[in-house]
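J.: After the sequence you'll find the predicted model.
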Amino acid sequence: MPVLASHRKPRTKVRTTTPAVGLTTAALASVTLLSTQSATAAPAEPKPAVEEVQKKVDALYRQAGAATQEYNRAKAASASQQAKVDTLLSDVAKRTEKINEARRALGSYAAAQYRNGGIGPAATFFLADNPQGYFDQSRLMDRATERQQRSVTEFRTQQASAAKKRAEAVKSLETLTETQATLASSKKDVQTKLAEARGLLSRLTAEEKARLAELERKKKAEAKEKAAKLAARQAAEAKERAEAEEKAREEAAKESGDGSGTGSGTGTDPGSGTGSGTDSGYAAKAEKVLAFARAQIGKPYVWGASGPSSYDCSGLTQAAWREAGVTLPRTTWDQVEVGTRVATSDLKPGDLVFFYDDISHVGIYKGDGMMIHAPKPGANVREESIYYMPIYGSVRPA
């Protein structure tokens, strides 16, 4: 029996949405993966703590201070070298004028010889109208020849001397150029450090700035406390010395009253007078130094400045001691080499106190553990504890 064809209508295939669902899931997974990778690749940098900012800023100011001293040294060297070059160039100009004078003298001799026609002495004698006149003229010519030789010698001497001075001037100009390059480099270094410090401070929030100010107040209070302890210790030592001296005087007077006054009086008076004279002389100079320094309080710190409207640290100390008739070098590195080194416990008003291992800062001791100094950019000349910064050492300039 034949198989009958099916009369059922064939089913229409219905497209499912499964692939779309798969694509959507893949897309979401991709987005999630990318987000995770982005977060992992570029994490937000943690903001430095205020304490870290303070340390960085202090370090930058200290580095700027060292660069300022380098700038001051290069500036002083440049000024000195410029003066030397000017002197040499002036000398070269004067010697060149002398060469020109000698050249003109030789030219006049050459012109006279040309006018004479180069006739030999024998021919001149036979052609002369008056032979005696010829001999007189001949003696004059001999003397003229001697003058010519002296002129030639003078010309050569001046020429050699001018050449030597010109060579010195060229060398000095080369040194000046190198010094000015160092000056420009130091200036750029200072500006870079200060700009970086300002950038760090500008990014602080109001709350962070308040926190920084609190840290600064705490630092100053601790330094002032140390200064007070030094002042108390110095006062106690001064009292002990005064009592010892008084006791020595009393014993000397007692011995003198017992009949040995002649010998003891002779031995005691010279030593006492010499010591007090030296101390009083330094005290008088220190008084002038501190009077000047106090008058500068409130004036701004400006790197490279030495007055009268602004100062850097070594510019202030140099100007102050100049008032007492003492000339100090320009930089902290050179000032620390002047005078006598003294211990912190033996400081007297007027002494110079230096700070940091690189000796990049200096202040003027005023007594009681305090100093007057030009602190840093953005601050004014002020009084401060010597313990505000790590002490390197101290000197007594005179």
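T.: Looks like it arrived, so ask away.
J.: Is Ser309 in contact with Gly298, as I believe?
T.: No - at 11.1 Å, Ser309 does not count as touching Gly298 under the criterion of CB atoms under 8 Å. For glycine as for every other residue, the C-beta is placed from the backbone atoms N, C-alpha and C.
J.: Show me what the longest helix anywhere in the chain is packed up against.
T.: If you go by DSSP state H, the chain has its longest helix at helix 131-202. Counting contacts by 3 or more CB pairs under 8 Å, 6 or more residues apart in numbering; DSSP states H and E, helix 131-202 is packed against helix 50-116, helix 121-127.
J.: Pick the most buried one from these.
T.: Of all these, helix 50-116 has the most neighbours on average by mean count of other CB atoms under 10 Å, namely a mean of 16.
J.: of the helices and strands packed on helix 131-202, which approaches Ala244 most closely?
T.: helix 50-116 (41.8 Å; CB to CB).
J.: ok now do Asp312, which residues does it touch?
T.: Contact analysis of Asp312 by CB atoms under 8 Å, 6 or more residues apart in numbering lists Thr68, Asn72, Tyr301, Val302, Trp303, Gly304, Ala305, Ser306, Ala374.
J.: Got a ChimeraX select line for the buried ones in those residues?
T.: Buried subset of those, written as a ChimeraX selection, criterion 16 or more other CB atoms under 10 Å:
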select :68,72,301,303,304,305,306,374
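J.: Next step: the contacts of Asp312 restricted to helices.
T.: Counted as lying in helices by DSSP H, out of the contacts of Asp312, are Thr68, Asn72.
J.: Please name the residues that touch Thr179.
T.: By CB under 8 Å, 6+ apart, Thr179 lies in contact with Ala74, Ala77, Ser78, Gln81.
J.: again with His373
T.: Neighbour list for His373: Cys313, Leu316, His361, Val362, Gly363, Ile364, Val381, Arg382, Glu384 [criterion: CB under 8 Å, 6+ apart].
J.: for it, which residues make a bridge with it?
T.: For His373, the beta-bridge partners are Arg382 (DSSP bridges).
J.: Distance of it relative to Ser172?
T.: Using CB to CB, to the nearest Å, His373 is found at 36 Å from Ser172.
J.: From the contacts of His373, keep the buried residues only.
T.: Buried by 16+ other CB under 10 Å: Cys313, Leu316, His361, Val362, Gly363, Ile364, Val381, Arg382, Glu384, out of the contacts of His373.
J.: Cross these against strands and list the overlap.
T.: His361, Val362, Gly363, Ile364, Arg382, Glu384 (DSSP state E).
J.: returning to that earlier point: out of the contacts of Asp312, which one sits closest to Leu352?
T.: Ala374 (13.0 Å).
J.: and the closest one, what is it in contact with?
T.: By CB under 8 Å, 6+ apart, the contact list for Ala374 reads Lys299, Tyr301, Tyr311, Asp312, Cys313, Gly315, Leu316, Asn380, Val381.
J.: switch the cut-off to 6 Å
T.: Tyr301, Tyr311, Asp312, Cys313, Leu316, Val381 (CB atoms under 6 Å, 6 or more residues apart in numbering).
J.: Hmm, Ala293 and the last one touching each other?
T.: No - when contacts are counted by CB atoms under 6 Å, Val381 is not listed as touching Ala293 (7.7 Å).
J.: any idea how far Ala76 is from Ser186?
T.: 12 Å.
J.: Need the three-state assignment for Met371.
T.: strand (DSSP: H, G, I helix; E, B strand; the rest coil).
J.: Run through the residues that contact it.
T.: Taking CB under 6 Å, 6+ apart, we find Met371 in contact with Val353, Gly363, Ile364, Tyr365, Ile386.
J.: Bridged to the closest residue to it other than its chain neighbours, which residues?
T.: Spatial nearest neighbour of Met371, chain neighbours left out: Gly363 (3.7 Å); criterion: CB to CB, 6 or more residues apart in numbering. For Gly363, the beta-bridge partners under DSSP bridges are Val353.
J.: and the gap between Gly363 and Glu240?
T.: According to CB to CB, Gly363 and Glu240 sit 27 Å apart.
J.: Closest to Glu250 out of the contacts of Asp312?
T.: Nearest to Glu250 among the contacts of Asp312: Ala374, at 47.1 Å, using CB to CB.
J.: Per-residue pLDDT of the closest one, please?
T.: With respect to pLDDT, Ala374 has a value of 98.
J.: and the gap between it and Arg330?
T.: Distance, Ala374 to Arg330, by CB to CB: 14 Å.
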